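# predicted model, plus sequence, below.
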Amino acid sequence: MRRIAVIFLVAVFVPSLVLGFLALRTAGEQRVILERQAAELYQKDADQLAAQLAEAVLGRQREFADRVRVLLSNLKPFRLAGDFGNALGPHEPGTAFVVGPDGAVVAAQMRTREDARFLRENEAFLSNRASAEFFPTQQNTLNYLSNTAPLANATQNALQGISPRRVQPQKNVDISNGQDAQVSRVASLTSRFQTATSGASDGVLARFSQNELVLILWTRPPEADGYVFGLALPTRTVRAFVRKAFSAIDPKLRNACIAVLDENALPVATSELGFQGDWKHPFVASEIGETLPHWETVVYLLHPDQLVRSARLVALTLILLIALALAAILAGGSFVALDARRQLLLAQQKTDFVSNVSHELKTPLTSIRMFAELLEDDRVPDPAKRARYLRIIALESERLTRLINNVLDFARSGKKHKIYRKTVVDLRPVIERAWEAQSVHLRDAGFACEWIADDPPYPAHADADAIGQVLVNLLSNAEKYAGDQKEITLHARRAGAEIFVEVLDRGIGVPKGDENRIFEAFHRSNDSLASNVQGTGLGLTLARRIAEDHGGSLEYRSREGGGSVFTLRLPLAEHTENQS
Ligand code: ADP
């Protein structure tokens with residue numbers, strides 16, 4: 001039994017618990033999982049937009065470089081340098097400037113206050129007199145300009161240096177820890193203009209001047225004889241340009257708003273008009289890079305609650321499924337374990353039964369043989385002794401017959417083969433005969449026997465032999481389990497439409513909890529096993545079956561003052577006539 005419990009525990013219960021625990025944990029993580037999936041999805045959109053905007057800025061630079069090359073095809077470099085602002089035309093937004101081969105600013109446009117301000121703040125830097133902090137993006141457009149490579153390749157080359165960098169959405173950054181440094185990964189340089197533009201023919205320099213972003217587009221084609229032609233775009237122009245590029249791309253997301261944030265985390269362009277998010281706390285963010293330093297493309301969820309709700313729904317469904325699966329596993333496991341336990345018990349009982357039957361057969365046979373041998377050789381001259389020996393032989397044969405009858409009857413009735421020869425008989429003499437046959441022997445064994453019976457007749461529709469067998473079984477049990485109190489009473493009476501036969505003893509009684517089980521086949525209560533009384537565990541099974549086959553019952557109850565009472569109840573004949 002313990003083995004089954006251990007197997008059940010190891011093979012079913014513990015794995016179920018572990019599985020249940022793991023599954024529940026997964027259910028609990030649904031929100032994180034869903035959030036992560038959504039983040040992955042939206043991150044791609046943010047990355048893509050960031051790359052497209054960076055490319056748009058570089059495209060703007062290439063456009064400017066093309067323009068300069070066209071102008072240079074008509075004008076000598078130094079001539080163009082002298083009148084660069086006008087040559088570009090009045091509609092070019094931004095401040096045009098030229099740096100000569102010697103590093104000094106040759107000419108600069110001075111049309112607006114913005115031009116003046118730009119020059120004031122950058123002249124020293126452009127003329128190589130002072131270093132400044134800037135964010136460089138260089139692209140070598142020589143290939144592009146010589147038209148040896150297709151345009152797509154040039155775009156690819158340009159993009160290689162500006163793959164978007166995912167940045168942590170600011171909501172996850174703990175600024176108090178000084179971790180805000182991780183928010184941006186754009187790298188600035190501090191040097192003079194000549195150093196900044198060396199080693200390439202084209203580029204963009206982004207600068208923050210008085211906290212305002214300025215983009216400096218510059219180009220130095222080989223035919224320019226060392227002149228650097230530049231165009232500085234002030235914040236206003238950069239913003240307008242980004243807005244235009246954004247609407248040209250026209251990014252749209254389902255259930256989310258994608259936007260471009262400037263260095264102050266304020267929106268420059270958004271996909272959802274009128275969306276008012278918590279700008280500083282996007283769902284995902286991607287940094288555009290050095291072309292637009294500290295600018296980000298960001299995504300906000302339009303319905304953040306929806307994510308929580310779907311996570312809750314998924315978790316709930318999962319928990320329900322897990323509970324159902326666990327219940328099924330545990331129920332199935334318990335069922336199998338219980339069945340195995342029952343089978344084991346039955347196997348054990350059957351083994352006991354075989355050894356008990358062999359023993360019970362052997363004991364009477366041994367004494368029959370012994371006394372028969374004594375009588376055969378005429379070695380017992382005393383007639384009283386001979387008579388006693390003969391009675392013992394008769395009694396032991398009876399015991400054998402009873403035993404064999406029980407076993408055979410059980411086997412037959414188990415297959416529903418027990419055939420009764422029922423007639424209407426008076427049961428009173430049947431009861432009396434059984435009592436007398438047993439009581440002689442019981443008195444010999446020192447039992448106090450008491451017989452109380454109502455007057456006859458007890459008419460019943462019954463098989464007299466079968467009823468006799470019930471009584472013999474009950475009386476022999478009363479003898480077997482008598483213990484030290486050798487006292488047996490048989491009480492037969494009629495009450496209403498029924499006959500009651502009670503067999504009472506003062507014996508060891510049936511332990512609590514076993515009252516019904518003693519009627520199960522092969523079941524023998526532990527007390528009787530311990531007191532070493534021989535038996536098969538079949539007597540009561542058969543007796544009850546016979547009683548029930550006669551429309552009656554056989555019940556046990558403990559007797560007041562100790563001992564057992566077995567009550568056989570049978571219907572009187574008038575009430576059974578219609579039944580069989
Ligand atoms: P057996 O006596 O061969 O074991 P039974 O079916 O007649 O089988 O009885 C089943 C069990 O019921 C017995 O093993 C015993 O434990 C218990 N029992 C039966 N009759 C009595 C009794 N009169 N007093 C105490 N226990 C009894």
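Looks like it arrived, so ask away.
# so how far is the ligand from the residue nearest to Trp435 when sequence neighbours are not counted?
Using Cβ to Cβ, 6 or more residues apart in numbering and skipping the chain neighbours, the partner closest in space to Trp435 is Leu490 (5.3 Å). All C-beta atoms are positioned from the backbone trio N, CA, C, and that covers glycine. With distances taken as Cβ to the nearest ligand atom, to the nearest Å, Leu490 is found 13 Å from the ligand.
# what's the answer for Glu515, then?
Glu515 sits 10 Å away from the ligand, taking Cβ to the nearest ligand atom as the criterion.
# which residue is the nearest non-sequential neighbour of that residue?
Tyr556 (5.5 Å).
# give me the element that neighbour is part of.
For Tyr556, the element it lies in under DSSP states H and E is strand 553-558.
# which of the residues in that strand are classified as buried?
Residues of strand 553-558 classed as buried by neighbour count (16 or more other Cβ atoms under 10 Å): Leu554, Tyr556.
# now it, how far from the centre of its chain.
Between the centre of strand 553-558 and the centre of its chain there are 50 Å (Cα atoms, centre = their mean, to the nearest Å).
# contacts for the next helix or strand after it next, please.
Using DSSP H and E, the next helix or strand after strand 553-558 towards the C-terminus is strand 564-571. Applying Cβ atoms under 8 Å, 6 or more residues apart in numbering, the contact partners of strand 564-571 are 427, 460, 462, 467, 470-471, 474, 477-478, 481, 497-505, 507, 509-510, 543, 547, 550-559.
# look up how far the ligand lies from Ala87.
Ala87 is 121 Å from the ligand, by Cβ to the nearest ligand atom.
# quick check: which element contains that residue?
Assigned by DSSP H and E, Ala87 falls in helix 84-88.
# who are the packing partners of that helix?
If contacts are counted by 3 or more Cβ pairs under 8 Å, 6 or more residues apart in numbering; DSSP states H and E, helix 84-88 sits against helix 30-74, strand 95-99, strand 105-108.
# show me what counts as buried in it.
Buried, per 16+ other Cβ under 10 Å, within helix 84-88: Phe84, Gly85, Ala87, Leu88.
# and these, which is closest to the ligand?
When the buried residues of helix 84-88 are compared for distance to the ligand (Cβ to the nearest ligand atom), Leu88 wins out at 116.5 Å.
# that closest one contacts Glu63, doesn't it?
No: the pair Leu88 / Glu63 is not scored as a contact, 11.7 Å apart, by Cβ atoms under 8 Å.
# give me the contacts around the helix holding Ala87.
Residues contacting helix 84-88 (Cβ under 8 Å, 6+ apart): 67, 71, 75, 80, 96-98, 107-111, 229, 231.
# so which of the helices and strands packed on helix 84-88 is the most packed in?
strand 95-99 (a mean of 25; mean count of other Cβ atoms under 10 Å).
# now that one and helix 30-74, what's the angle there?
60 degrees (axes from the mean of the first three to the mean of the last three Cα atoms, to 10 degrees).
# partners of strand 95-99 in the sheet?
Strand 95-99 sits in its sheet next to strand 105-108 (antiparallel), strand 228-233 (antiparallel), going by DSSP bridges.
# what's the mean pLDDT across the shortest one?
When the per-residue pLDDT values of strand 105-108 are averaged, the result is 78.
# what sits up against that strand?
So strand 105-108 is in contact with 81-85, 95-100, 115, 119, 123, 126-127, 227, going by Cβ under 8 Å, 6+ apart.
# and stretch 500-516, by the same measure?
Contacts for stretch 500-516 (Cβ under 8 Å, 6+ apart): 431, 471, 474-475, 477-478, 481-483, 485, 487-494, 518, 523, 525-528, 531, 556-559, 561-570.
# going through those residues, which ones are buried?
431, 471, 474-475, 477-478, 481-483, 487-492, 494, 518, 523, 525, 527-528, 556, 559, 563-570.
# now do the closest residue to Asp426 other than its chain neighbours against Leu568, distance only.
Leaving aside its sequence neighbours, Asp426 sits nearest to Pro457 (Cβ to Cβ, 6+ apart; 4.1 Å). Using Cβ to Cβ, to the nearest Å, Pro457 is found at 17 Å from Leu568.
# tell me the residues of the chain that contact the ligand?
473, 477-478, 480-481, 505, 507-510, 518, 524-525, 528, 535-541, 564 (Cβ under 6 Å from any ligand atom).
# swap the cut-off to 8 Å and go again
356, 406, 473-474, 476-478, 480-482, 503, 505, 507-510, 514, 518-519, 523-525, 527-529, 533-543, 556, 563-564, 566 (Cβ under 8 Å from any ligand atom).
# in strands, which of those residues fall?
Those of these mapping onto strands are Val503, Asp505, Tyr556, Ser564, Phe566, per DSSP state E.
# from those, which is closest to Asp202?
Lowest distance from Asp202 to these (Cβ to Cβ) belongs to Tyr556, with 108.1 Å.
# quickly list what the closest one is bridged to.
Phe566.
# what is the longest helix seen in the chain packed up against?
For the chain, the helix with the greatest residue count under DSSP state H is helix 304-376. Helices and strands touching helix 304-376, by 3+ Cβ pairs under 8 Å, 6+ apart, are helix 2-7, helix 14-28, helix 30-74, helix 383-414.
# sorry, back to before: report the two of the ones in strands among the residues of the chain next to the ligand separated the most.
Asp505 and Tyr556, at 11.5 Å, using Cβ to Cβ across those.
# re earlier: which stretch in the helices and strands packed on helix 84-88 has the least confidence?
strand 105-108 (a mean of 78).
# just the CA trace of that strand, in PDB.
Provided in PDB are the C-alpha atoms of strand 105-108 (Å, rounded to 0.1, in the frame of the first residue of the first chain):
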ATOM      1  CA  VAL A 105      35.700  81.900 -44.000                       C
ATOM      2  CA  VAL A 106      35.700  83.500 -47.500                       C
ATOM      3  CA  ALA A 107      32.100  84.400 -47.800                       C
ATOM      4  CA  ALA A 108      28.900  84.000 -45.900                       C
END
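# how distant is it from the center of its chain?
With Cα atoms, centre = their mean, you get 74 Å for strand 105-108.
# following element in sequence after that strand, please.
Counting by DSSP H and E, what follows strand 105-108 is helix 113-126.
# for that following helix, buried residues please.
Result for helix 113-126 [16+ other Cβ under 10 Å]: buried residues Glu114, Asp115, Arg117, Phe118, Leu119, Glu121, Asn122, Ala124, Phe125, Leu126.
# stretch 542-551 now?
Quick answer for stretch 542-551 (16+ other Cβ under 10 Å): Leu542, Ala543, Arg544, Arg545, Ile546, Ala547, Asp549, His550, Gly551.
# contact partners for the first one?
Right, the one you point to is Leu542. Asn406, Asp409, Phe410, Ser413, Gln469, Val470, Asn473.
# a markdown table for those, including pLDDT?
Shown next, in a markdown table, are these (pLDDT from 0 to 100):
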| residue | pLDDT |
| --- | --- |
| Asn406 | 75 |
| Asp409 | 74 |
| Phe410 | 70 |
| Ser413 | 60 |
| Gln469 | 84 |
| Val470 | 92 |
| Asn473 | 89 |
